[in-house]
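>>> predicted coordinates and the sequence they were generated for:
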Amino acid sequence: MNQKNNLIIGLIIAGVVVMSVNVDADPRDFAEGLPNIGIMLQEITEVDSSLFVTAFWSMLETIEMAFIGTVVGVAIALPLSLLAARNLNNKFVYVPVRALLAAIRTFPSILWAILFVIIVGLGPFAGVLAIIMYTVGFIAKLQYEAIEAIDADPMDAVGAIGVSKLQLIRFVVLPESASHLLSQILYIFDYNIRQTSILGLVGAGGIGFYIINYIKFFEYGKAAVFMLVVLATVLIIEWVSVRVRDKYIVKSQRGMQVKS
Amino acid sequence: MQEQKGSSSPSISTLSIVQMNDVSASYDSKNYVLKNVQMSITRGANYAIVGQSGSGKSTLLRLINGMMNPSRGKIMVDYKIPNTSDKKFKSFMHKIGYIPQNLGLIKNSTVLENVLIGALPRVSGFNSFFKKFCDLEIDNAKKILKQVGLQGKAERQVYMLSGGEKRRVAIARALVQKPEIILADEIVSELDHVTAREIMDVLAKAQATMKLTAIMVHHDLQLALEYADRVAVIKEGEKILEIGVEGDRIVDFQSGNFTQREILEMFSNESKE
Ligand SMILES: Nc1ncnc2c1ncn2[C@@H]1O[C@H](COP(=O)(O)OP(=O)(O)OP(=O)(O)O)[C@@H](O)[C@H]1O
Ligand SMILES: [Mg+2]
C-alpha cells in the first residue's frame, strides 16, 4: 500500500518534470527574469499620479460590471437551480435544464466575452453579458447541488403535510439552502471582479482594457499601477466578504462563535 | 371506548380511522420489512407501536401518511387509500400531523415560522410566498406554543433550542395543522424520564381536548403501556402482539391466546435480545 503510494507520487513528480520540458517551462528563465520586477517597480514611481485617478474610475466600472453581472446572473440562476434539482422535479424537467446549464458552463467567461463583443460590439455591455452567463452556469450548478444536499427530514416532514411545491420551496428549500447561497454569491462576486478585470483584454470593457493596452506599448509601469489597483480592490472585497460571512453564515449555521 | 376484544378478523370496522389488511412493505422489492400486518386503529384511540430497532415501526407510519406505498395488501386511512398524488387523500394529509424520527424542523428558521408551516394548507400561494399569515393564524400558533410549553420562545432560532424544546416545536407544528391524526415517531426516545413524561403529557392532553387519534412509535414498552390504550408489538416486520392494560391486567387483543404471564415473559425476552 505504502509502496504503491510512493510509486504514484514518484510518477507524478516525473510527469511534472517531463511536461515542464515539453512546454518549455525553465526555472532558470524565471530566476534570470526576476530583476525585471525591480525595473517595473521603478517605473511605477515615475508614472504621473493622475493615472491613479484613471485607474480608480476604470476599477469602479469593473466593479459595477461585476455587480450587475452577479446580481442578474444569480437572479436567473436561482429559478434554474430549483428546476434542476432532482429532489424537486421529475426527469423531464431536470434533464433539459441540466443540459442547458452544462452547455453554458463549457465556455469560460473570456469566450463568452468574445461572443458578446461580436454580438453587441466592443464595450462593457459585452463584458456584463459574459459575466451573467458565467454566473448563471456556476451558481445554478452549485445551488442545485446544495438543494439536493438539503436534509431529507424537513422535506419529508413538510411534504407529508401536503403543502404545494411552491410552499415547500419557500419554507424548506430556501431557508435550508440560504446560507449556502449567500456564501456562493460572495464568492462569485469576488471571482467576477477578478474575471471582469481581464475581460478588457478582448475589448469587453473594464480595467483590463487599460492593462492590455499599456502592455502592448511596453508601458509596464502604468500597467503595474492598474494591477495594483485590482489587487487592492480584491483585498478589500475579500475583507468585506469575510465580515458578511461571519455575521450571516457561520453563526446562523451552527451557532458557532467566531474567535476574534 | 368500546372495542371488540380478541378479534383478529380483517373486517373493516366503521369505527377505525386506520385499517390495514395483510400489508407488506419493501424498499427493494426483495426483502419485506413489514409482513402481513393486520391493524385496526379506532378513531380517537391512543395507539402505540413498539419494537426493536429495524423492526419496521417508522415504515409503518410512512405507510399511514402515504409517504410510502405497500407492496401488498390494503390500507385505508379515513376510508381513503394513502397516495400522495391523489387529490382526495392529499387534502386529508393536511389533517395528519406527522412528526418524523428526526423531527424535520427548519433549523435556520424561527420557532414561530416552523410552527406556522402547519397552517400552510389554509394559506394562499401568494401569501405564503411572502410568508404572510393572518392574525388569526398567528394568534392560534402562539396559543399552541403556549400549550406545548414554549411561550416566549416564538422568535428563537430552532438551532438554539434544547432537544426537548425541539420536540415541542414539532408537536406544535403538528397541532397547528388542526389534525385528526398525529403520527409521532419515537418522539420521547433519548430524553430523560422527566422530560419524556412532560412531553407525553402535553401530547396526551392535546389528544384528549382535540379528539385526535394518536399513533406513536415508542422504544420503551413501559411508557407505551402507560400512555396508550393499545400497543402493537412489531418484531422483524411482523405484528406479533396487540396488547393493552385493562384494570391491573395486560390483555392480549390480537389472538386472545396469551395469558398475562406469557405476555410479560415475551416482554422480558424482547428487551433482553
Ligand atoms: N429508505 C430505506 N431504504 C432501504 N431500506 C430501508 C429504508 N428505510 C428503512 N429501511 C430498512 O427497513 C427496515 C425497517 O426500518 P424502519 O426505519 O421502519 O425501522 P424502525 O423500526 O423504525 O427502526 P428504529 O427503531 O431504528 O427507528 C430496516 O431494516 C431498515 O434498514
Ligand atoms: Mg424508526
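Looks like it came in fine. Ligands and ions are numbered 1, 2, ... in the order given.
>>> the helices in the stretch 51-200 of chain B, which residues?
With DSSP state H, counting those that start in this stretch as the criterion, the stretch 51-200 of chain B has helices at B:57-64, B:87-93, B:111-116, B:125-129, B:135-147, B:163-176, B:193-210.
>>> nearest to A:V136, out of those?
helix B:125-129 (22.8 Å; C-beta to C-beta). To be clear about C-beta, it is placed using only N, CA and C from the backbone, and glycine gets the same treatment.
>>> what is the closest one packed up against?
helix A:165-168 (3 or more C-beta pairs under 8 Å, 6 or more residues apart in numbering or on different chains; DSSP states H and E).
>>> buried ones in stretch B:48-60?
Residues of stretch B:48-60 classed as buried by neighbour count (16 or more other C-beta atoms under 10 Å in any protein chain shown): B:A48, B:I49, B:V50, B:G51, B:S55, B:G56, B:K57, B:S58, B:T59, B:L60.
>>> kindly check the end-to-end length of it for me.
End-to-end distance of stretch B:48-60 (C-alpha to C-alpha, to the nearest Å): 12 Å.
>>> near chain A at all, that stretch?
No: Stretch B:48-60 is not in contact with chain A by C-beta under 8 Å from any C-beta of the partner chain; minimum separation 10.8 Å.
>>> coming back round to it: can you redo the helices of the stretch 51-200 of chain B as JSON lines with distance to A:K4 and mean pLDDT?
Output for the helices of the stretch 51-200 of chain B, formatted as JSON lines (distance: least, C-beta to C-beta, whole Å; pLDDT from 0 to 100):
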{"stretch": "helix B:57-64", "distance to A:K4": "43", "mean pLDDT": "95"}
{"stretch": "helix B:87-93", "distance to A:K4": "55", "mean pLDDT": "91"}
{"stretch": "helix B:111-116", "distance to A:K4": "51", "mean pLDDT": "96"}
{"stretch": "helix B:125-129", "distance to A:K4": "56", "mean pLDDT": "88"}
{"stretch": "helix B:135-147", "distance to A:K4": "60", "mean pLDDT": "94"}
{"stretch": "helix B:163-176", "distance to A:K4": "46", "mean pLDDT": "95"}
{"stretch": "helix B:193-210", "distance to A:K4": "53", "mean pLDDT": "92"}
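>>> of these, which is nearest ligand 1?
Nearest of these to ligand 1, taken as C-beta to the nearest ligand atom: helix B:57-64 at 3.2 Å.
>>> distance between the closest one and the chain's centre?
Centroid displacement of helix B:57-64 relative to its chain, using C-alpha atoms, centre = their mean, to the nearest Å, is 9 Å.
>>> same question, stretch B:64-75
That offset, for stretch B:64-75, works out to 15 Å (C-alpha atoms, centre = their mean).
>>> are it and chain A in contact anywhere?
Yes: Stretch B:64-75 is in contact with chain A by C-beta under 8 Å from any C-beta, via B:N65, B:G66, B:M67.
>>> start and end of that stretch, how far apart?
Separation of the first and last residues of stretch B:64-75 by C-alpha to C-alpha is 8 Å.
>>> likewise stretch B:46-56?
Stretch B:46-56: ends 19 Å apart by C-alpha to C-alpha.
>>> equivalent analysis for stretch B:57-70, please.
14 Å.
>>> returning to that earlier point: among the helices of the stretch 51-200 of chain B, which is nearest ligand 2?
Ligand 2 lies closest to helix B:57-64 among these, at 3.1 Å (C-beta to the ion).
>>> show residues contacting the closest one.
B:18, B:20, B:23, B:25, B:33-34, B:37, B:39, B:49-51, B:68-70, B:75, B:77, B:82, B:96, B:98, B:100-101, B:181, B:183, B:185-186, B:215, B:217, B:234 (C-beta atoms under 8 Å, 6 or more residues apart in numbering or on different chains).
>>> go with 6 Å
B:18, B:25, B:33-34, B:49, B:51, B:68, B:70, B:75, B:77, B:101, B:183, B:185, B:217, B:234 (C-beta atoms under 6 Å, 6 or more residues apart in numbering or on different chains).
>>> still on that earlier bit, which one of the residues of stretch B:64-75 next to chain A sits closest to B:R43?
B:N65 (16.4 Å).
>>> hang on, isn't that closest one packed against B:I96?
Yes: applying C-beta atoms under 6 Å, one finds B:N65 in contact with B:I96, separated by 5.0 Å.
>>> output the below-cut-off pLDDT ranges for chain A.
A:1, A:250-260 (pLDDT under 70).
>>> just to revisit the earlier point, restrict the residues of stretch B:64-75 next to chain A to contacts with ligand 2.
Counting by C-beta under 5 Å from the ion, nothing from those sits close to ligand 2.
>>> now do the contacts for the most centrally placed residue in chain B.
For chain B, B:L183 is the residue whose C-alpha lies nearest the centre (C-alpha atoms, centre = their mean; 2.0 Å). By C-beta under 6 Å, 6+ apart, the residues touching B:L183 are B:L61, B:N65, B:Y98, B:I215.
>>> taking those residues one by one, which sit in strands?
B:Y98, B:I215 (DSSP state E).
>>> make TSV from the contacts of B:L183 and add neighbour count to it.
Output for those, formatted as TSV (neighbours: other C-beta atoms under 10 Å in any protein chain shown):
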residue	neighbour count
B:L61	25
B:N65	25
B:Y98	29
B:I215	28
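>>> for whichever residue of the stretch 101-250 of chain A sits closest to ligand 2, which non-adjacent residue is spatially closest?
Ligand 2 sits closest to A:D153 of the stretch 101-250 of chain A, with a gap of 12.1 Å, by C-beta to the ion. Distances taken as C-beta to C-beta, 6 or more residues apart in numbering or on different chains place B:G104 nearest to A:D153, at 4.0 Å, with adjacent residues excluded.
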